[in-house]
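**Q** Need coordinates for the following:
(chains A, B and C)
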Amino acid sequence: MKIRVHVRIIPRTGLLDPEGQAIAHALSALGFAGVGDVRVGKAIEMTVEATSPDAAEASVRTMCERLLANPVTEDFSIKVERA
Amino acid sequence: MTRVAVVRFPGSNCETETLAAVARAGGDAMLVDYRETHLRHADAVILPGGFSYGDYLRSGAIARFAPVMTAVRALADAGGAVLGICNGFQILCEAQLLPGALQRNAQQRFASRPVDVRIERTDTICTSDYAADEIIRIPIAHGEGRFVADPDTLDALELDHCVMLRYVPVDGTDAPYNPNGSMNDIAGLCNPAGTIVGFMPHPERRVDPALGPGVGQRFFTSLMSRIATGVAA
Amino acid sequence: MTAVAIAEPFPGERPVTNEIVREHKLNPTEYRAILDLLGRTPTLTELGIFSALWSEHCSYKHTKSVLRRFPVDGPQVVQGPGENAGVLRLPDGWAVAFKIESHNHPSAVEPYQGAATGVGGILRDVFTMGARPVAVLNSLRLGPLDDARNRYLFAGIVRGVGDYGNCMGIPTLGGEVSFAPCYTGNPLVNAMAVGVLREAELITARAHGVGNILLTVGARTGRDGIHGASFASEDLSAESQKRRPQVQVGDPFTEKLLLEASLELITGGFIVAIQDMGAAGLTSSSAEMAARGGVGVEVDTSKVPTREAGMTPYEIMLSESQERMLVVAEPHRVDEIRAVCQKWDLDATAIGQVTDDGIFRVVHDGRVVAAIPGQELVDGCPMYSPPAEESDVARSRRALTPAADARDLADALERLLDAPSIASKRWVFEQYDGTVRAGSVMPPGCDAGVVQVAGTSFGIAMTVDCNARHVLLDPYQGGMGAVAEAARNIACTGARPLGVTDCLNFGNPEKPDIYFQFVEACRGIGDACRAFGTPVTGGNVSLYNQNPAGAIDPTPTVGMVGLLADVTMAVPSHFRVSGDAILLLGETRGHVGGSAYWAEVLNTVGGAPPPVDLDAERALQQFLADAADRALLRSAHDLSDGGLAVALAECCIGGPWATKRYGATVDLGRHADTVTDAGWLFGEDGARALASCDPAHVAELQRLAHTHGLACHFLGLVGDADTDVIVQRDDRTWRWPVNRLRRIYLDAIPRRMAAAPSDAGVD
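**A** Prediction:
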């Protein structure tokens, strides 16, 4: 079956995120008050051919570990559409 | 003397050589901080290259909200001369003073190299000292220089002769002549009046004949003579 | 035991046990020295401080006795070793600050951030001297590109180097990249920065003035890279892979602001001293500044701006968060300093003061958590002179020869040009902005980078070099050879060598064969520097470079700068005009031991590398500079990896963006006719260069060479564009279409990098 999977990749907590910092700065300069701790990551959506949603998730997890996320600097989460 | 404002945003890094290029061409070059709200009666403004705000989010996306941009827009609206070089071009597109957008290079890598570009229009504020269809070899250095626009915009740009610089193949080159995958090989644009211009190459890096052919110098001499003859506001 | 000064543990801090001492990589001798020095058990914060400053990286405990033998004096020396960077005198009140540093271990773990922060760190070392950085160079060594992990590291490192320098607006002007199996899992990333200053505006990192204020400027302190300095002195193993979350993230945008703010603070005379918070962060910067000035300091860690809540004094003292500076200033200047920093959107925060008791003291919320005699903290680490002995393996390697010569020498050249270590590095440096600042005199891909000093007629030539294979086979000759090659590269542009910075990358010094390599290579560097009048002004030592299969080849990277009196006279590397005469400078003796030809074509890393003739090298350097002064040369290119054939091919192929590729016809005739064909084409004798000139200048150049005692052989003529490169010797002729050579040379690296997706996984 074809399964839609959403991957969210975000800089690991505790690591400096200069991009997030610059955006927080800019938002406050534009008058958006109360913005703090902005972190910028990536969203990846894909269709995976798999026997079950669990199998799709396992496969995407391996993709994240090997290629999609940088295991040194990024955390990832996976959401599988279970129709 | 022609007064030219060169804006420094946090992260700009080509302002020194841009100021020097203006001065070499005989202009009165002034460095203007991004927090200033007026351009000190400048006849022209240049947004120089660099990485304003680290190019974070999208190049130019944060800079376009800097206080000085209100004055830049006012000068542009009044028909004044506005130039964006590299990051400056990206800012002008983000600010919608020029159409389209500059995206990550097709090869997904930074590109620093000479390119061959053809001067497609010589009636803009910075190209009058070049011959029609003249081809010059000039450096680029950018990670996000792939010009994209929707088909209608692209057609309109061509129809209105708004493509000012175009990457072209020349004999003997064995690197891709279009260095970033830009649509229609676009290296630089102008508005239909030729008063707002933006381009990826760096003419300010090729003005000193001691260091090689000074092919970029005429961008700045063109600007001076254009303003001196009062065509710009 | 009587305590010299009292400190109490920070609440919640673990008491110091033998286990914790071991975790901090302090051996029993060192811990004993700490107990004697303090007269009591250290607190955990103190132990962390000792472990940082007494790491190999900060203390040079295995190497200081050897480094002391480098020549460090000369009329051109403004600042020798011991400061953030070395400084040499240029004409008209100008000076050049430069330094090289390694970021090997961080780059092995996280290539992009590791390389980027390496560039960031070395730039800070230069601008804290009051110099504006004008160029970056780097020396990269990686495992072969047929391995996916090596491709991943290579791509990440190059992107990291490029992104940082590009964003800062500092041209990356050159360097070297080479590949060998020993660097798999332990890549080398050596970055060199060069800056320009008015000699009168030089500032040093010397705290003084009791009551003066310590301020941090720049980024906030986070939990990045805690224990990075001790990490840098450790074998890379599966264990260190697991400790990865402590990687540092670079922010070149903030660094650009920090650069501008620092230069404004220095040239405006607002501050007394400044130092980068590099390896071991606040600990090393504050302790070293105090020790150099012979004063004490008190740091209040509760005042340091942090990125996360609840950081302990231990974490704050050892954090390696990037883009931070420590500044010492007189109290009445603090407000002005804040104003300058504010102009650049940066924070400046007072965090301590200079004291008169010589104690390095850390307080947190009014509690003294560390109090250590400052001078001993910096200078008191026990020093080691481990045994040095060449291994049998190394001796037999030198006796090794290949079974037979290549059957086809024409094919051998093509294989050499396809070897990534020799092939064009266009794929690399097209990712580096090489023209920003508009002062670059030579395009990348030339023998050395040259930058004009703005507003003057002169320029600074710069290069980094090391033939690690030669050093492996004969560390003394290889050490001399690295300096000689660097000087040749400088001289080929027409410049005169001025001085050296070195980055000494070796394996575990506690192994006698490795320590032998270190001692001998340094002896070679020292002897060559003495002969050339190019003092060593500083540098960096990186030890414990090994992977599970063994140590890296000894790689003492030599960074050199030279003075080009008139930038309009700079000599490029490639042929430029058809019909020009081709000259070979220096004697060919046909040494093929240790050559790229043996390694890349005959799969033999062995033999004795060519002996270095320092007198001949000096004669060649002087000839090249004199010939450039008189505008007699159209091009000059040094002979190194791959010998004459590779140099000739490179001169014909042209620069990375050349639109013209020239043929050439060269007759080796009866010059040196005892030399074998392979020795002629691929031998790597030093003290040689390939030049081209207007045929009308041949006689004058030969007369000039004669006065320098230098051989100058007329070999032939530059051919027309797009023709063949032809080499004749007696009845033998080798012929290659130049466009075919160019394609091989340019495609070698991109072809390999396109081979398969790079793999971030660590398996």
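**Q** bridging residues for the residue lying closest to residue C:298 once chain neighbours are set aside?
**A** Nearest residue to residue C:298, sequence neighbours excluded (Cβ to Cβ, 6 or more residues apart in numbering or on different chains): residue C:361, at 4.4 Å. C-beta here means a position set from N, CA and C on the backbone, and glycine is covered the same way. Counting by DSSP bridges, residue C:361 is bridged to residue C:298, residue C:371.
**Q** how close does the residue of chain B found nearest chain C get to chain A?
**A** Closest residue of chain B to chain C, Cβ to the nearest Cβ: residue B:13 (2.4 Å). Remark: distance between residue B:13 and chain A (Cβ to the nearest Cβ, to the nearest Å) = 16 Å.
**Q** likewise residue C:615?
**A** Residue C:615 is 50 Å from chain A, by Cβ to the nearest Cβ.
**Q** Tell me, how many residues neighbour that residue?
**A** Residues near residue C:615, counting by other Cβ atoms under 10 Å in any protein chain shown, number 10.
**Q** Can you tell me the element the closest residue to residue B:168 other than its chain neighbours falls in?
**A** Nearest non-adjacent residue to residue B:168, counting by Cβ to Cβ, 6+ apart: residue B:118, 4.7 Å away. Assessed by DSSP states H and E, residue B:118 sits inside strand B:111-119.
**Q** what sits against residue C:401?
**A** Listed by Cβ atoms under 8 Å, 6 or more residues apart in numbering or on different chains, the contact set of residue C:401 reads C:593, C:604, C:606, C:607.
**Q** Can you list phi and psi of the residue of the stretch 451-600 of chain C found nearest chain A for me?
**A** Ranking the residues of the stretch 451-600 of chain C by distance to chain A (Cβ to the nearest Cβ) places residue C:547 first, at 17.8 Å. Main-chain dihedrals, residue C:547, degrees, to the nearest 10: phi -120, psi 180.
**Q** Name the SS class of the residue located most distally from the centre of chain A, please.
**A** Most distant from the centre of chain A: residue A:31, at 27.4 Å, with distances by Cα atoms, centre = their mean. Secondary structure for residue A:31, judged by DSSP: H, G, I helix; E, B strand; the rest coil, is coil.
**Q** do you know how far it is from residue C:280?
**A** 41 Å (Cβ to Cβ, to the nearest Å).
**Q** ok, back up a step: looking at the contacts of residue C:401, which two lie furthest apart in space?
**A** Greatest spatial distance in those: C:593 and C:604, 9.6 Å, computed using Cβ to Cβ.
**Q** for the residue nearest to residue B:168, what are its contacts?
**A** By Cβ under 8 Å, 6+ apart, the neighbours of residue B:118 are B:133, B:134, B:135, B:165, B:166, B:168.
**Q** Those in strands, which ones?
**A** Of these, the ones assigned to strands by DSSP state E are B:135, B:165, B:166.
**Q** for the closest residue in space to residue B:41 that isn't next to it in sequence, what are its contacts?
**A** Sequence neighbours aside, residue B:3 is the residue nearest to residue B:41 in space, at 6.2 Å (criterion: Cβ to Cβ, 6+ apart). Going by Cβ under 8 Å, 6+ apart, residue B:3 touches B:27, B:28, B:30, B:40, B:41, B:42, B:43, B:44.
**Q** Measure how buried residue B:229 is and give me the count.
**A** Residues lying near residue B:229 (other Cβ under 10 Å) number 9.
**Q** mind checking the SS state of the residue of chain B positioned farthest from its centre?
**A** Using Cα atoms, centre = their mean, the residue of chain B lying farthest from its centre is residue B:172. It sits 27.0 Å away. Here residue B:172 is recorded as coil under three-state DSSP.
**Q** Kindly provide the distance from it to chain A.
**A** Note on residue B:172: its distance to chain A, by Cβ to the nearest Cβ, is 39 Å.
**Q** give the contact list for the nearest residue to that residue once chain neighbours are set aside.
**A** Excluding its sequence neighbours, the residue lying closest to residue B:172 (Cβ to Cβ, 6+ apart) is residue C:659, at 3.3 Å. By Cβ under 8 Å, 6+ apart, the contact list for residue C:659 reads B:170, B:171, B:172, B:173.
**Q** can you count the residues close to the residue in chain C positioned nearest to chain B?
**A** Relative to chain B, the nearest point of chain C is residue C:169 (2.4 Å; Cβ to the nearest Cβ). Neighbours of residue C:169 under the rule other Cβ under 10 Å: 24.
**Q** what residues are up against it?
**A** Residues in contact with residue C:169 (Cβ under 8 Å, 6+ apart) are B:13, B:14, B:50, B:51, C:256, C:433, C:436, C:437.
**Q** Show me the strands in the stretch 451-600 of chain C, by range?
**A** Taking DSSP state E, counting those that start in this stretch as the criterion, the stretch 451-600 of chain C contains strands spanning C:459-465, C:496-505, C:536-542, C:546-547, C:550-551, C:555-564, C:581-585.
**Q** So which residues on chain A come close to chain B?
**A** A:18, A:19, A:22, A:23, A:26, A:29, A:30, A:40 (Cβ under 8 Å from any Cβ of the partner chain).
**Q** Make sure residue C:157 is indeed in a helix.
**A** Yes - according to three-state DSSP, residue C:157 belongs to a helix.
**Q** how far away is the residue farthest from the centre of chain A from chain B?
**A** Distance from residue A:31 to chain B, by Cβ to the nearest Cβ: 10 Å.
**Q** Write out the residues of chain B neighbouring chain A.
**A** B:53, B:54, B:56, B:57, B:62, B:65.
**Q** I'd say the last one and residue A:29 touch.
**A** Okay, so that is residue B:65. Yes - assessed by Cβ atoms under 8 Å, residue B:65 is found in contact with residue A:29 at 7.1 Å.
**Q** State the distance from residue C:277 to residue C:323.
**A** 9 Å.
**Q** Please see if the longest helix seen in chain B touches chain C.
**A** For chain B, the helix with the greatest residue count under DSSP state H is helix B:217-228. No - applying Cβ under 8 Å from any Cβ, one finds helix B:217-228 out of contact with chain C, separated by at least 11.5 Å.
**Q** got the residues of chain B near chain C?
**A** Going by Cβ under 8 Å from any Cβ, the residues of chain B near chain C are B:10-11, B:13-14, B:16-17, B:20-21, B:49-51, B:53-56, B:109-114, B:139, B:141, B:143, B:170-175, B:202, B:204-208, B:210-211.
**Q** Show me how to select, in ChimeraX, the buried members of those residues.
**A** The ChimeraX selection below is limited to those of these classed as buried (16 or more other Cβ atoms under 10 Å in any protein chain shown):
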select /B:10,11,13,14,16,17,20,21,49,50,51,53,54,55,56,109,110,111,112,113,114,139,141,143,173,202,204,205,206,207,208,211
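**Q** I'd like the list of the residues of chain B next to chain C that fall within strands, please.
**A** Those of these mapping onto strands are B:111, B:112, B:113, B:114, B:139, B:141, per DSSP E.
**Q** Please dump the residues you listed into JSON lines; it should also carry pLDDT and distance to residue C:673 for every row.
**A** Shown next, in JSON lines, are those (pLDDT from 0 to 100; distance: Cβ to Cβ, whole Å):
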{"residue": "B:111", "pLDDT": "97", "distance to residue C:673": "49"}
{"residue": "B:112", "pLDDT": "97", "distance to residue C:673": "46"}
{"residue": "B:113", "pLDDT": "97", "distance to residue C:673": "44"}
{"residue": "B:114", "pLDDT": "96", "distance to residue C:673": "44"}
{"residue": "B:139", "pLDDT": "97", "distance to residue C:673": "47"}
{"residue": "B:141", "pLDDT": "98", "distance to residue C:673": "50"}
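**Q** residue ranges of the strands in chain A, please?
**A** Under DSSP E, chain A gives strands at A:2-11, A:42-49, A:74-80.
**Q** on that earlier part again, now the residue of chain B closest to chain C, nearest residue through space, not along the chain?
**A** Nearest non-adjacent residue to residue B:13 (Cβ to Cβ, 6+ apart): residue C:169, at 2.4 Å.
**Q** dump the residue contacts of the residue of chain A found nearest chain C.
**A** Taking Cβ to the nearest Cβ, chain C has its nearest neighbour within chain A at residue A:18, 3.6 Å off. If a contact means Cβ under 8 Å, 6+ apart, then residue A:18 has B:54, B:56, C:249, C:250, C:251, C:253, C:254 as its contacts.
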